[in-house]
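[1] The sequence and its predicted three-dimensional model are supplied below.
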There are 2 protein chains.
Amino acid sequence: MKITLLFLILSTICFSQNTDSILIRNIYNTALSQGKSYEDLRELCKNIGARLSGSAEAEMAVQWSKRKMESYGFDKVYLQEIKVPHWERGTKESGWIKTSKNELIKVNLLALGGSIGTNGLLEAEIIEFKHIDDLKKAKKADIKGKIVFINQPMNEKEIVTFSAYGGCYVIRGNGAIESAKLGAIGVIIRSIGMPIDDHPHTGSMHYEDSVQKIPAAAISTKDAEKLSSELKLSKCKFVLEMDCKDFPDAISYNVIAEITGLDKPNEIITFGGHLDSWDTGEGAHDDGTGVIHCLEALRILKTLNYKPKHTLRVVFFMNEENGNKGGQTYATWSKERGEIQIAAVESDRGGFTPRGFEIDGNEKYLNLLQSFAPIFKTYDLHIFEKGYGGVDIGPLKKSFEGIPLFGFVPDSQRYFDFHHAPSDVFESVNKRELELGCAAIGSFVYLLDKNISF
Amino acid sequence: MKITLLFLILSTICFSQNTDSILIRNIYNTALSQGKSYEDLRELCKNIGARLSGSAEAEMAVQWSKRKMESYGFDKVYLQEIKVPHWERGTKESGWIKTSKNELIKVNLLALGGSIGTNGLLEAEIIEFKHIDDLKKAKKADIKGKIVFINQPMNEKEIVTFSAYGGCYVIRGNGAIESAKLGAIGVIIRSIGMPIDDHPHTGSMHYEDSVQKIPAAAISTKDAEKLSSELKLSKCKFVLEMDCKDFPDAISYNVIAEITGLDKPNEIITFGGHLDSWDTGEGAHDDGTGVIHCLEALRILKTLNYKPKHTLRVVFFMNEENGNKGGQTYATWSKERGEIQIAAVESDRGGFTPRGFEIDGNEKYLNLLQSFAPIFKTYDLHIFEKGYGGVDIGPLKKSFEGIPLFGFVPDSQRYFDFHHAPSDVFESVNKRELELGCAAIGSFVYLLDKNISF
């Protein structure tokens, strides 16, 4: 009797593992041989391109996403209205190094997102700091009336490039505040990009109400090296012209698609990326690949006729880059509707070869995550660890206490070649790497749906 | 007493692990922040470029490599003379689809390495096979006097692209033999490349003495799709012109650098890649990155003042692509000198993000390999398994029974975008991915030297 029971249990486990293996193999096969992801990403990047919150392109991207989701026949497709900031780069955006001999050297430059303009030409002596901590220690008398140059490189010794980003992020976010506190009239940062090249990298920056607002821009890493070497020879000035500015908040949308759960339709697994991008390049790796990963994952599960226990919901979040209004609104809205969010997954680290998933959540869910490792070994995924979820799904933690957040982890080496730069275009995405990401996320969401207990 | 002994043993182990950790961290730091690999690869690719055995460029590459090694001040740098085949592509190389309406459609085409020329224009009806097995089953009457078109794609469902390559290799290697056996007068293969694009991929092909030699070429995957769709509409001819041919064998060299072992100078750890490449593109991933990985690994170990127990020997093998004379000569020469080869490592799978190392060897060495896994986890390496070594180090197995061969495993997803194609240029290599490969191999060779017992 005992032996029969054991046999029954064992065969159930084997059968279950076998079912998982077969379905996941089918998910991979579909992504790699009948995938739509690469063409969908091409449409988003090439027919729409960059799509900053509040722009006409962001609105086009919303409409494109909704139509695309509808064409795949999900149970529900809808928009969720949100209010977003609206900042525009304008048409004038140039910078020059002016040497002591009054020679002008034009640099590759992008205003930081949210910066004020210069109201004509801004010209002043430029003073270099190798680290933002050195700037903080500087004397007002040395800075007043000057343009500050923060030439702090990413730490190339970090193995995971996001760690190097974490160490530099503050120069972009707070460079203007720290410089203005000391009387600077503008700030130029070294782009937060890994290679030494000509692409400037933009991104969000902040002002403080009590501190003077000054214009802020990023120059390419190559120009940062150039400026630094000129400053070794003699004092230099910097000439800056930008007519970027803020507009009143705009209406925009998160775009949402669902397959309704069979057993527990009110229990939601949310997975997504962000639809908005910076206004340079085509928002390919940041975060076109993220939204396409999730869309394709849901499409494949539907194609394979998978009937989920819980509601599987893909969200294309709006406004991750400069406000996170999409993520905040979504979390509040879901709570108010009385939904139960049981897990969330985000893809916002590029469309490179998958390495695994990280979890921001408790031990129980870490154990669940690690129980998936053996099945993913076949597909060369190996990172199943504590870590970070994502900006868009972050606000769910406040609305749904204890919810585990999972971050998709692709290889990080090339991400900061493209991040927020003109080089973040469709051509920088490899078809197979993208498809493997779709399959990894589809498989992961399937395993969550089957195995998670709330 | 026992406790003291245990304590002693434990502290020795901890100290040893700590020493390893520190040295390996230094290897990575040096590769990533004071590396020479990217500039060295640029010189090899841009100042010399493609370098097929017997060509003037191959000779330049030999001289460049020797000078470069000498500049790094290793204990010994020398050339090892070998005889290599010498085949040249010539100056005429074109192909056209000729439709039933006599319309000509020009295709992107490369002669396969070793093919005879066409001696003027070769024109005949072309007949398609989706798989080489279908060709083998065909009737002579259906093939005689025609050009065979083998349109067998790489299996995109494979996760590791080398498995897909393994399934297709035979169409390039044996396509001419199988076609000629049935009376064909030429063979066109679909390029063994993963993406659908315009780049033809060349590579080695074979003839058999007893079978008629016929011209063989590869067309781009996009042109293969085009030709196939034209053949669905009506019969087509193919027009081929190539003046490639064989020349008498040439003299060339393996290029070798060593740091002499302190304890056991006659026991050798060989690591290398191949210096020759196909005569299209710049031989960047195949195998410029492989030789640079190993050169940089040795340079870093020297820079860090590491004194190896065994002799560490980097070999830039000549003629991997079309003969493996470098690998064969090296193995024989080493045996005849009375050396003891204790392990060999090859990098010949591209310059992408490292994933780990495979072993072709017995359980004892597999266990050794797997004992390295924990220390490499910090660096995101996770593959430590049975597998394949490499073509160049392969002949060592015959000369040195039981020698473990290790193959460096980088991510495989993009390799067959570039392999043997005009697109295999310096720009297809990412600086950090290359540097991480150098550090992985440097660390691996260090761990081998410290821990291997013969």
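    Yes, it's here. The model shown is predicted, which means the values in this text are computed figures rather than measured ones. Numbers count the residues shown, from 1 in each chain, chains lettered A, B, ... in the order given.
[2] In contact with the residue nearest to the spatial centre of chain A: list those residues for me.
    For chain A, residue A:348 is the residue whose C-alpha lies nearest the centre (C-alpha atoms, centre = their mean; 3.9 Å). The contact partners of residue A:348, by C-beta atoms under 8 Å, 6 or more residues apart in numbering or on different chains, come to A:273, A:274, A:286, A:287, A:290, A:320, A:390, A:391, A:392, A:407. All C-beta atoms are positioned from the backbone trio N, CA, C, and that covers glycine.
[3] list the buried ones in the helix or strand harbouring the first one?
    Assigned by DSSP states H and E, residue A:273 belongs to strand A:264-274. Counting neighbours by 16 or more other C-beta atoms under 10 Å in any protein chain shown, one finds that the buried residues in strand A:264-274 are A:267, A:268, A:269, A:270, A:271, A:272, A:273, A:274.
[4] And for stretch A:91-100?
    A:93, A:95, A:96, A:97, A:98, A:99.
[5] pretty sure residue A:384 is in contact with residue A:355, am I right?
    No - the pair residue A:384 and residue A:355 does not pass the contact test of C-beta atoms under 8 Å, sitting 9.9 Å apart.
[6] returning to what we had before: which one of the buried residues of strand A:264-274 sits closest to chain B?
    Ranked by distance to chain B (C-beta to the nearest C-beta), the buried residues of strand A:264-274 are led by residue A:273 at 20.3 Å.
[7] residues touching the closest one, list them.
    For residue A:273, the set of contacting residues under the criterion of C-beta under 8 Å, 6+ apart consists of A:287, A:289-294, A:316-317, A:346-348, A:390, A:392.
[8] Try it again at 7 Å.
    Contact analysis of residue A:273 by C-beta atoms under 7 Å, 6 or more residues apart in numbering or on different chains lists A:287, A:290, A:291, A:293, A:294, A:346, A:347, A:348.
[9] is it fair to say residue A:311 lies in a strand?
    Yes - judged by DSSP: H, G, I helix; E, B strand; the rest coil, residue A:311 forms part of a strand.
[10] Report pLDDT for the residue nearest to it when sequence neighbours are not counted.
    In space, and not counting its chain neighbours, residue A:311 is closest to residue A:261: 4.1 Å by C-beta to C-beta, 6 or more residues apart in numbering or on different chains. Predicted confidence (pLDDT) for residue A:261: 98.
[11] surely residue A:261 meets residue A:306?
    No - using C-beta atoms under 7 Å, residue A:261 is not in contact with residue A:306; the gap is 11.4 Å.
[12] rewinding a little: quick check, nearest of the contacts of residue A:273 to chain B?
    Chain B has its nearest neighbour among the contacts of residue A:273 in residue A:293, at 15.2 Å by C-beta to the nearest C-beta.
[13] what about the closest one, neighbour count?
    Using other C-beta atoms under 10 Å in any protein chain shown, residue A:293 has 34 other residues around it.
[14] Same check on residue A:174?
    Other residues within reach of residue A:174 by the criterion other C-beta under 10 Å amount to 20.
[15] Distance check, it against residue B:39.
    Going from residue A:174 to residue B:39 by C-beta to C-beta, to the nearest Å gives 35 Å.
[16] List the contacts of the nearest residue to residue A:358 once chain neighbours are set aside.
    Counting by C-beta to C-beta, 6+ apart, residue A:387 is the residue found nearest to residue A:358 once chain neighbours are left out, at 2.7 Å. If you count contacts by C-beta under 7 Å, 6+ apart, residue A:387 has them with A:358, A:359, A:360, A:407.
[17] ok, the residues you listed vs chain B, which is closest?
    The shortest distance between chain B and any of the contacts of residue A:387, using C-beta to the nearest C-beta, involves residue A:358 and amounts to 13.0 Å.
[18] Does the closest one touch residue A:407 like I think?
    Yes - under the criterion of C-beta under 7 Å, residue A:358 makes contact with residue A:407 at 4.5 Å.
[19] shared neighbours of these two, anything?
    In the contact map built from C-beta under 7 Å, 6+ apart, the residues linked to both residue A:358 and residue A:407 are A:387, A:388.
[20] residues from chain A in reach of chain B?
    Within chain A, the positions lying close to chain B (C-beta under 7 Å from any C-beta of the partner chain) are A:29, A:32-33, A:156-157, A:159, A:194-195, A:353, A:355, A:379-380, A:382, A:411, A:413-414, A:430-433.
[21] picking that back up, any idea how far the residue nearest to the centre of chain A is from residue B:380?
    Summarising the geometry, the distance separating residue A:348 from residue B:380, computed by C-beta to C-beta, is 19 Å.
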